[in-house]
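Participant: pasting the structure only:
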């Protein structure tokens, strides 16, 4: 029964049982929030008949940094790639950064292979459906303290905000304004100079880290106290001199007797050392904010500031909180996005790449102190996110890993994303390369028929790349029809296709003397644990394809 079509007369004719059903239906209706008409999507329907898996393009692998993790580019529709990542990276991702297509009405994004323009009456519903379907998968990839960052412009800013609040009810939502085009883009009434970045972060946690200030500014705090209870007589241990020479703090004087009064705020001695006392411009003897016995603990953040009469002592705030409006000139997308991309790839005409500095800053706010973070971008476009992750690693010798997902519409993956990352690793123009590792995959499909043992066997045979991605293990130690073994230097990953070879398989695993994650082919969920009881190394067992199928059932059925 369609509730919208029921008229008053029809309600009067309903039976008690039908009325009860009607009330239940009405109670389920959303009473507040974002409502849109969900639109079917071909790429999702495809998953009902076929299962996505990964296939490596081996000639595009790059191995330049033995001690670094392996970064990934996945070519394919991002819904299919997120389905695969639901098996390989569930609960493992620290940050998801996305810059989805903006719903401007300018025919610059497709839905079911058709461009969506301003005349499409369902363009908002299509865009929201597209985002919702992918966010449902993406949120399961985040760690419990993971962060989602989503760039967006004014066209869907409000709608996306409501959607994110509904999808992440236990998270905080923050909207950051970024001045990315100071010259402005002419709208109907205003010239737009900005866009937004939504941060979805765990509630009540200090996730956003401070950034290093670029200049010594007025925001620094004078160490001399002021206001109530700031006089010398309020705390005599807080009245003592700082010793300055050649513009640097070289030591501290002792607390003087109560009857001693300095001649001035700054007193120059015969040895070219200046004594700086907590005396204000009116000549009042005040006190420092810290006592003599404790100030040495903060000397590293104290700096002398030259003034006409001598020096002031300031608490130097080297770091500051991120603000909600970002105005730095290096966030300009034209200069530090388009121009940079053409420097890297001279013949590239990719539209509106993000500023490398902006994406680097977006990520830095979350993972500056996490040098092993995993960063996912499933609207990867020109690959700015991957480049930004490598820049962060270069700055602090980090081992962060990126996963970039993009389709190959108009050759984006093969002609823009991959070449940019390759050049960023190897170097371009006068820019030195950043040694990193990379593997390139495509999403391919196998027919879905769980009732067929042949289909299960096919899935297992095609799952090797997925398992390697899951374990981040690509160094091959054994490769034959019966089993395969890989390592990443810390853990061994084994895939056993034929149980008749279990003894040889175990010998090869034992010989590596590494903890092992073992994937055992079985038509059920039985991993034959008793056959591995005598394995000498610590190990875990996982049934395939059942472990993969269980993930896909939750997504596709």
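Facilitator: Perfect, thanks for sending it. This structure is a prediction, so every number in the text was calculated from the model and none was measured.

Participant: Can you read off the pLDDT for the nearest residue to residue 102 once chain neighbours are set aside?
Facilitator: Nearest residue to residue 102, sequence neighbours excluded (Cβ to Cβ, 6 or more residues apart in numbering): residue 153, at 4.8 Å. Yep, even glycine has a C-beta here, placed from its N, CA and C like the rest. Per-residue confidence (pLDDT) for residue 153: 94.

Participant: for residue 319, same thing?
Facilitator: Predicted confidence (pLDDT) for residue 319: 82.

Participant: Look at residue 503 and give its secondary structure.
Facilitator: Following DSSP: H, G, I helix; E, B strand; the rest coil, residue 503 is assigned to helix.

Participant: Can you give me the neighbour number for it?
Facilitator: Counted by other Cβ atoms under 10 Å, the residues lying close to residue 503 total 10.

Participant: for residue 330, same thing?
Facilitator: For residue 330, the neighbour count with other Cβ under 10 Å is 12.

Participant: What ranges does the stretch 251-400 of the chain have for its helices?
Facilitator: Using DSSP state H, counting those that start in this stretch, the helices of the stretch 251-400 of the chain run over residues 292-295, 333, 339-344, 356-367, 384-396.

Participant: Would you mind getting the angle between the longest one and helix 356-367?
Facilitator: For the pair helix 384-396 and helix 356-367, the angle between their directions (axes from the mean of the first three to the mean of the last three Cα atoms, to 10 degrees) equals 70 degrees.

Participant: so for helix 384-396, what's the average pLDDT?
Facilitator: Summarised as a single mean, pLDDT over helix 384-396 is 97.

Participant: rewinding a little: in TSV, list the helices of the stretch 251-400 of the chain along with mean neighbour count.
Facilitator: Below are those laid out as TSV (neighbours: other Cβ atoms under 10 Å):
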stretch	mean neighbour count
helix 292-295	14
helix 333	20
helix 339-344	18
helix 356-367	23
helix 384-396	22
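
Participant: buried residues in stretch 111-119?
Facilitator: 111, 116 (16 or more other Cβ atoms under 10 Å).

Participant: Use 33 as the first number from now on
Facilitator: Will do, 33 is the new start, and the previous item becomes stretch 143-151.

Participant: Quote the end-to-end distance of it.
Facilitator: 14 Å (Cα to Cα, to the nearest Å).

Participant: follow-up on the earlier one: which of the helices of the stretch 283-432 of the chain sits closest to residue 228?
Facilitator: helix 388-399 (11.5 Å; Cβ to Cβ).

Participant: which secondary structure elements does that closest one contact?
Facilitator: strand 125-130, strand 174-184, strand 226-234, strand 243-244, helix 416-428 (3 or more Cβ pairs under 8 Å, 6 or more residues apart in numbering; DSSP states H and E).

Participant: that older thread, mind checking which of the helices of the stretch 283-432 of the chain is nearest residue 452?
Facilitator: That would be helix 371-376 among the helices of the stretch 283-432 of the chain, by Cβ to Cβ, at 5.5 Å.

Participant: From the contact counts, what lies against the closest one?
Facilitator: On a contact count with 3+ Cβ pairs under 8 Å, 6+ apart, helix 371-376 meets helix 450-458.

Participant: Show me what counts as buried in the helix it packs on.
Facilitator: For helix 450-458, the neighbour count (16+ other Cβ under 10 Å) marks 450-457 as buried.

Participant: where does the chain dip in pLDDT?
Facilitator: Scanning the chain with the threshold set as pLDDT under 70 gives 33-42, 58-64, 219, 247-251, 482-483, 589.

Participant: so the nearest residue to residue 544 once chain neighbours are set aside bridges to which residues?
Facilitator: Distances taken as Cβ to Cβ, 6+ apart put residue 524 closest to residue 544, at 4.8 Å, once the chain neighbours are dropped. Counting by DSSP bridges, residue 524 forms beta bridges with residue 519, residue 548.

Participant: need the contact list for residue 524.
Facilitator: Neighbouring residues of residue 524 by Cβ atoms under 8 Å, 6 or more residues apart in numbering: 505, 509, 517-518, 541, 544, 546-549, 569.

Participant: Derive a PyMOL selection command for the buried subset of the residues you listed.
Facilitator: The buried residues among these can be selected in PyMOL (16+ other Cβ under 10 Å) with this line:
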select buried, resi 505+509+517+518+541+544+546+548+549
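
Participant: List the contacts of the residue nearest the centre of the chain.
Facilitator: Central residue of the chain (Cα atoms, centre = their mean): residue 127, 2.4 Å from the mean position. By Cβ under 8 Å, 6+ apart, the residues touching residue 127 are 178-181, 395, 398-399, 405-408.
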